[in-house]
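Engineer: Kindly return the folded structure for what I paste below:
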Amino acid sequence: MSIAVVAAPGPALPERIRELIERFGQMPERFRQVPRLAAFGLLPWLMLLAAGQQTPWVVLDLTEFAALLSLDALLRRRSAAAVWAGGAVALLLAGDALADLACAGPGHAVLAAVVMACCVELPLAAVCLLLGREAIRS
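Structural biologist: Numbers count the residues shown, from 1 in each chain. All right, here's what the predicted structure looks like:
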């Protein structure tokens, strides 16, 4: 059922979401580079976390790094399995955003977590979902 919902918008999706999917149609080819660029963009952050001995966050971000590179490899092969990898990456990123918000201290830490979630993690999760959807369409 989840493949059908991702592959072809049906009556289960609200009308507005179906309109957006149809209006945007296929994603531009340059969006296929997003998972690889995001993975390599994580490397400096991973080094900072490792230097600060933030082991749980290092493990989470290493998992995201591996998932992003896996999605990139599947997209390059135009594999139908990219839909699952896109969903896994989106789930990891959404979980990371939620964990950041839940663990943020008061004041500026909450603001930083909200900005990271809204400007980086959740938009990247949406792009990965759409890339996975495109993989089964083409």
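
Engineer: can you list contacts of stretch 101-117?
Structural biologist: 97-98, 100 (Cβ atoms under 8 Å, 6 or more residues apart in numbering). Yep, even glycine has a C-beta here, placed from its N, CA and C like the rest.

Engineer: Please pick the buried ones from those.
Structural biologist: Buried members of the contacts of stretch 101-117, counted by 16 or more other Cβ atoms under 10 Å: 97, 100.

Engineer: Any chance of the contacts of stretch 101-117 in CSV with secondary structure and pLDDT as columns?
Structural biologist: Below are these laid out as CSV (DSSP: H, G, I helix; E, B strand; the rest coil; pLDDT from 0 to 100):
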residue, secondary structure, pLDDT
Ala97, helix, 95
Leu98, helix, 95
Asp100, helix, 91
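
Engineer: okay, and the helix or strand of the chain with the least pLDDT?
Structural biologist: helix 2-7 (a mean of 45; mean pLDDT, DSSP states H and E).

Engineer: Tell me where this protein has helices.
Structural biologist: 2-7, 15-24, 34-51, 55-76, 82-103, 108-116, 122-137 (DSSP state H).

Engineer: quick one on the thing from earlier: between the contacts of stretch 101-117, which sits nearest Cys118?
Structural biologist: Of all the contacts of stretch 101-117, Cys118 sits closest to Ala97, with 8.4 Å by Cβ to Cβ.

Engineer: Now do the residue positioned nearest the centre of the chain against Leu93, distance only.
Structural biologist: Per Cα atoms, centre = their mean, the C-alpha nearest to the average position across the chain is that of Ala125, at 2.5 Å. Computed as Cβ to Cβ, to the nearest Å, the Ala125 to Leu93 distance reads 4 Å.
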